[in-house]
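> Fold the following, please.
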Amino acid sequence: MRTARLAFYSNVFLGSAEQAQGCHVMTWVKHNIRLSPAQDRALIGYAAQRGLTRYKMLGRVVDHGLAAIENGINAPSDMQDMANEIAAMSIRFAELERILDRALFTACAGYSYARQAALGGRRSDEAITAEAIAAYERQRSLARDGAS
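Alright, predicted model coming up:
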């Protein structure tokens with residue numbers, strides 16, 4: 001294990017809470033920490049990516065870690081709420097897809113029957129249905145090709 005020395009600013013308030021709002025003193029505080037070799041490699045890698053020294057990066061890691069801990073108190077419930085909402089949206093999208101699919105088939109069937117009536121033909125319902133299904137499949141194929 002490697003030991004890294006960490007120095008960062010800490011807010012130290014002097015006096016009462018009312019005084020602390022407008023007046024605070026910044027002082028250096030030193031901490032020794034131990035990093036595993038994997039953590040040290042990760043820290044050095046992150047620092048290199050950002051063009052920082054590993055000590056500066058370590059300060060950022062501590063800042064972000066403390067912020068995550070402070071703000072993370074509500075994270076599990078927030079994540080559960082988001083997961084529940086995504087699941088509900090997925091169900092609604094599936095229902096919407098079924099409705100749109102049915103509307104497309106109905107439009108194709110209506111087109112096929114209207115076309116047959118306009119041409120004055122006397123074809124069977126089976127033949128018109130086959131034509132409607134073929135039109136439906138063509139439209140689905142065109143929609144798939146347009147999406148890719």
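> For the protein, just list every one of the strands.
Counting by DSSP state E, the chain has strands at residues 2-13, 24-35.
> Can you pull the poorly scored residue ranges out of the chain?
The chain contains residues with pLDDT under 70 at 1-26, 72-77, 147-148.
> remind me, longest helix of it?
Longest among the helix segments of the chain by residue count, using DSSP state H, is helix 75-119.
> what packs against that helix?
helix 125-147 (3 or more C-beta pairs under 8 Å, 6 or more residues apart in numbering; DSSP states H and E). For glycine as for every other residue, the C-beta is placed from the backbone atoms N, C-alpha and C.
> The helix it packs on vs helix 75-119, what angle?
Calculated by axes from the mean of the first three to the mean of the last three C-alpha atoms, to 10 degrees, helix 125-147 forms an angle of 130 degrees with helix 75-119.
> Next, the buried residues of helix 125-147.
For helix 125-147, burial by neighbour count (16 or more other C-beta atoms under 10 Å) applies to Ile128, Glu131, Ala132, Ala135, Tyr136.
> now these as JSON lines including distance to Ala94?
Compiled in JSON lines, these are given as follows (distance: C-beta to C-beta, whole Å):
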{"residue": "Ile128", "distance to Ala94": "30"}
{"residue": "Glu131", "distance to Ala94": "29"}
{"residue": "Ala132", "distance to Ala94": "24"}
{"residue": "Ala135", "distance to Ala94": "24"}
{"residue": "Tyr136", "distance to Ala94": "19"}
